[in-house]
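Q: Give me coordinates for this.
(one chain, ligands or ions: 1)
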Amino acid sequence: MTHVKCNAQRDERTVLELIASEPRPSESGVLVLNHNFEPLNICGLHRGMILVWLEKADVLRFSDNTLRSAEEEHLIPSVLRLRQHVRRPTPQLKISRKSVLARDDYTCQYCGCKQNLTLDHVFPRHRGGETSWENVVCCCLRCNNKKGPLTPQEANMRLPHPPRKPRYVPFIAFPRFISAMRKQEWREFLEGYGKGLEL
Ligand SMILES: [Zn+2]
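A: Numbering: from 1, shown residues only. All right, here's what the predicted structure looks like:
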């Protein structure tokens, strides 16, 4: 029994190591889902194919592209589902510049422009405004200067909606999750986890 358990733990470690890889920029990524369909990561194609080859995962969707070798043409997996459930502690979604910009679609929340972006504390920091998902928005430098030390009401500026913490299971880095949501063939697997995102 111990032997079996030991093997199972080693298997789980192997799977976790394989899915922890990130695709190289030139490589098409593979969306990996846990056995319960929870998105776990977007890993490199090569690692994804090893998961299938080791019979650790089944292919749910193939990509439109194929891989050609001298003799054959191979289908490229696009979405995989693990055969065994892997347990991972749920990480907290920490606020960061990159994540706020991604949540707000790289758009100034006051004027809608997409250039010279920075972060704005809606209720000003020096007056006790927190650095939280509910109080930080993407903002252009021009609006940031215009708003200065004021609240939006005081500066006569409007936010389209109150900023909120994204509801999402953050195994995948948030900016990557957002760009993965934009990929049509992955959307059905991700959108249940990205509720409330304005995409
Ligand atoms: Zn602006």
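Q: Beyond the lowest-mean-pLDDT helix or strand in the chain, next helix or strand please.
A: The least trusted helix or strand in the chain, going by mean pLDDT, DSSP states H and E, turns out to be helix 2-19, with a mean of 71. Remark: after helix 2-19, the chain's next helix or strand is strand 30-33, criterion DSSP states H and E.
Q: packing partners for that following strand?
A: Counting contacts by 3 or more CB pairs under 8 Å, 6 or more residues apart in numbering; DSSP states H and E, strand 30-33 packs against strand 39-43, helix 45-53, strand 73-82, helix 184-190. All C-beta spots, glycine's among them, are computed from the backbone N, C-alpha and C.
Q: relative to strand 39-43, how tilted is the least confident helix or strand of the chain?
A: Here the directions of helix 2-19 and strand 39-43 differ by 60 degrees (axes from the mean of the first three to the mean of the last three CA atoms, to 10 degrees).
Q: So what touches helix 2-19?
A: For helix 2-19, the external contacting residues (CB atoms under 8 Å, 6 or more residues apart in numbering) are 32, 40-41, 43, 47, 50-51, 54, 56, 82, 84, 86-88.
Q: Kindly recompute the last result at 10 Å.
A: Around helix 2-19, the neighbours that count as contacts under CB atoms under 10 Å, 6 or more residues apart in numbering are 30, 32, 34, 40-44, 46-48, 50-51, 54, 56-57, 80, 82-88, 171.
Q: do the same with stretch 66-76
A: Stretch 66-76 is contacted from outside by Ser28, Val30, Leu45, Gly48, Met49, Val59, Phe62, Ser63, Asp64, Asn65, using CB under 10 Å, 6+ apart.
Q: Can you name the residues of this protein sitting close to the ion?
A: Proximity of the chain to the ion, by CB under 5 Å from the ion, involves residues Cys108, Tyr110, Cys111, Cys140, Cys143.
Q: what about burial for the contacts of stretch 66-76, which qualify?
A: Burial by neighbour count, 16 or more other CB atoms under 10 Å: within the contacts of stretch 66-76 this picks out Ser28, Val30, Leu45, Gly48, Met49, Val59, Ser63.
Q: The last one is in contact with Leu80, isn't it?
A: No: because the distance of 11.5 Å does not satisfy CB atoms under 10 Å, Ser63 is recorded as not touching Leu80.
Q: Point out where the protein drops to low pLDDT.
A: Within the chain, the ranges that satisfy pLDDT under 70 run 1-6, 26, 90-91, 168-170, 194-199.
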